[in-house]
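**Student:** sequence and computational prediction follow.
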Amino acid sequence: MLRSTCAVLAFVAFLIPAPPDVDAVVFAKAFRAGQADRYNNRQVSGAGVSFHGPIKERVADGSTRLSLVVALGAIAPDGQLRPIRTWEEFVAAERARTTLAVALSGPDLPSVPAEPTALTFSGVFDGQVRTIMHPPQAAGSSDTGPCPGEGPRTSASESSFQCAPLLTGATATIARR
């Protein structure tokens, strides 16, 4: 009887479709507004451009793996998202603190060059965040600073950092130009 019940429940679970992926722009805007909790443990997918290149992160077992930061675009004064394609556009958006970005962490992320690289990606938001450094060309403007608990001990460099949501178990593909 127990096996029959489990089989029926498994079959029903198989028939129920998985919830659709959350659009990365919708998610990042919610994160920026402090409302990302409603997307906990949801798959987030989107496209953007990596300007930072690969970042080596240390895993708990002492090994390292790549992580990426992806700029989804820049928030315009009318609230619309504008694409960022060039380094100059990226620096301008960073200076204005309008860049909308997510960080990706996963075991098989591509090693992207340290130049603008278009990506499509997907990962799960589990509540983690990542502090991202603004490029030196964009320093000096005020912003939210690093993520809570991740800041430098002195406040002099607070404006050089921003906090972004981290998508774990992420996959990414370099888009063809």
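**Tutor:** Cool, got the structure.

**Student:** return the set of buried residues in the longest strand seen in the chain.
**Tutor:** Longest strand in the chain by number of residues, with DSSP state E as the criterion: strand 117-133. Along strand 117-133, the positions that meet the burial threshold by neighbour count (16 or more other C-beta atoms under 10 Å) are 117, 118, 119, 121, 122, 123, 124, 125, 129, 130, 131, 132. Any C-beta I mention is one placed from the backbone N, CA and C, and that applies to glycine too.

**Student:** got those residues as a markdown table, with distance to residue 164 and pLDDT columns?
**Tutor:** As requested, these are exported to a markdown table (distance: C-beta to C-beta, whole Å; pLDDT from 0 to 100):
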| residue | distance to residue 164 | pLDDT |
| --- | --- | --- |
| 117 | 17 | 92 |
| 118 | 18 | 93 |
| 119 | 15 | 94 |
| 121 | 13 | 96 |
| 122 | 16 | 96 |
| 123 | 12 | 96 |
| 124 | 15 | 95 |
| 125 | 11 | 95 |
| 129 | 7 | 90 |
| 130 | 5 | 88 |
| 131 | 8 | 86 |
| 132 | 5 | 85 |
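
**Student:** related to what we said a few turns ago, which is the next helix or strand following the longest strand of the chain?
**Tutor:** Read in the C-terminal direction, the helix or strand following strand 117-133 is strand 161-174, with elements assigned using DSSP states H and E.

**Student:** which strands or helices does that following strand pack on?
**Tutor:** Contact analysis of strand 161-174 by 3 or more C-beta pairs under 8 Å, 6 or more residues apart in numbering; DSSP states H and E lists helix 24-32, strand 64-75, strand 99-105, strand 117-133 as its packing neighbours.

**Student:** run the last query once more with 6 Å
**Tutor:** The helices and strands touching strand 161-174, judged by 3 or more C-beta pairs under 6 Å, 6 or more residues apart in numbering; DSSP states H and E, are strand 99-105, strand 117-133.

**Student:** strands paired with the shortest one, and their directions?
**Tutor:** So the one you mean is strand 99-105. When pairing is defined by DSSP bridges, strand 99-105 lines up against strand 64-75 (antiparallel), strand 161-174 (parallel).

**Student:** turn the ones you listed into JSON lines, columns for mean pLDDT and mean neighbour count.
**Tutor:** Supplementary listing: those in JSON lines, determined by pLDDT from 0 to 100; neighbours: other C-beta atoms under 10 Å:
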{"stretch": "strand 64-75", "mean pLDDT": "91", "mean neighbour count": "21"}
{"stretch": "strand 161-174", "mean pLDDT": "91", "mean neighbour count": "20"}
